[in-house]
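S.K.: For reference, the sequence and a predicted model appear below.
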Amino acid sequence: MFFRCCLLLLAGSFFWQPAKAEVVLSAAPNNCVTLQQGRECHAQIQASWKIPQPAAVCLYLEEQQLQCWHNLTSAQWQWHFTDVQSRQLILWQMTPSEQKHHVLATTRIEVSWVQSAHKKRLWRRF
């Protein structure tokens, strides 16, 4: 019995692996609402990220570089978002020569509207 317990514990230790630390990227608010479709949406966005090991990283709004950090494991950054459509926020790990190496995390900033741009007017001018 004792031998079986020890054997089970030993076998379990070979298969157990510590949980990998995850990369986290978030944006708040992540939804921007405008009155009518096609109009610019404006929002003050707070982006934050966390990675398991210090690295050089840059935050991009699709292809537009927003901010870069060196040798950090987390940071927050705030900026004024202005756009007519939803956009992808991307955290890139950078090479020593400051080139994009690989994507660490992504999130979206959704743009939505209250009224459609093609809504017919119910009133007329005479």
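M.R.: All right, it came through fine.
S.K.: make it CA atoms for all contacts and neighbour counts henceforth
M.R.: Noted.
S.K.: Quick check: which ranges of this protein have low pLDDT?
M.R.: Per-residue confidence for the chain (pLDDT under 70) gives these ranges: 1-21, 117-126.
S.K.: Just the helices from it, written as ranges.
M.R.: With DSSP state H as the criterion, the chain has helices at 2-15.
S.K.: In contact with the spatially most central residue of it, which residues are there?
M.R.: Note on the chain: the residue nearest the mean C-alpha position is residue 107, at 3.1 Å, using C-alpha atoms, centre = their mean. Counting by C-alpha atoms under 8 Å, 6 or more residues apart in numbering, residue 107 touches 25-27, 88-90.
S.K.: bridging residues for it?
M.R.: residue 89 (DSSP bridges).
S.K.: Kindly report the same for the one 4 residues further on.
M.R.: Each beta-bridge partner of residue 111 is listed here: residue 32, as defined by DSSP bridges.
S.K.: Report the separation between the closest residue to residue 61 other than its chain neighbours and residue 71.
M.R.: Closest residue to residue 61 apart from its sequence neighbours, by C-alpha to C-alpha, 6 or more residues apart in numbering: residue 89 at 4.6 Å. Taking C-alpha to C-alpha, to the nearest Å as the measure, residue 89 falls 21 Å from residue 71.
S.K.: Of the two, which one has the most company?
M.R.: Using other C-alpha atoms under 10 Å as the criterion, residue 89 and residue 71 rank with residue 89 on top: 23 against 10.
S.K.: returning to that earlier point: the residue nearest to residue 61 and residue 58 touch, don't they?
M.R.: No. Assessed by C-alpha atoms under 8 Å, residue 89 is found out of contact with residue 58, at 10.6 Å.
S.K.: ok, the closest residue to residue 105 other than its chain neighbours to residue 115 distance?
M.R.: What sits nearest to residue 105 in space, not counting adjacent residues and going by C-alpha to C-alpha, 6+ apart, is residue 91, at 5.3 Å. From residue 91 across to residue 115, the span is 33 Å (C-alpha to C-alpha).
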